[in-house]
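Colleague: predicted coordinates and the sequence they were generated for:
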Amino acid sequence: MAKSTSSNVRKVVAYVLAALVLIFSVIAILAIWDLIEYRYLIKRMFQSLMVVLASSAVIVLIFAILDRPEKDEV
């Protein structure tokens, strides 16, 4: 059951990151076509994406450590 929880967390993190990349890509395309103001937008998008990536990596690491199966000592 622990393995299922870990894989579910990884799937959720992957879907969230994919959705963020999609949203940021749409915003970037709109900025390229001058449909929105992009002076500081791209910088903020990349900073936000880095924060989300770092926090996701930490969450996956924590769940990987907590869900590790115990080894039987001989």
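Modeller: Cool, got the structure. Numbering: from 1, shown residues only.
Colleague: tell me which residues of stretch 6-24 are tucked away?
Modeller: Residues Ser6, Val9, Val13, Leu20, Phe24 are the ones in stretch 6-24 that count as buried (16 or more other C-beta atoms under 10 Å). Every residue, glycine included, has its C-beta placed from N, CA and C.
Colleague: okay, and the last one sits in which element?
Modeller: Using DSSP states H and E, Phe24 maps to helix 2-32.
Colleague: after that helix, which helix or strand is next?
Modeller: Scanning forward in sequence from helix 2-32 by DSSP H and E, the next helix or strand is helix 41-66.
Colleague: so for that following helix, mean pLDDT?
Modeller: When pLDDT is averaged over helix 41-66, the result is 79.
Colleague: quick one: that helix to helix 2-32, angle?
Modeller: 180 degrees (axes from the mean of the first three to the mean of the last three C-alpha atoms, to 10 degrees).
Colleague: tell me how far helix 41-66 lies from the chain's centre.
Modeller: In terms of C-alpha atoms, centre = their mean, to the nearest Å, the gap separating the centre of helix 41-66 from the centre of its chain is 5 Å.
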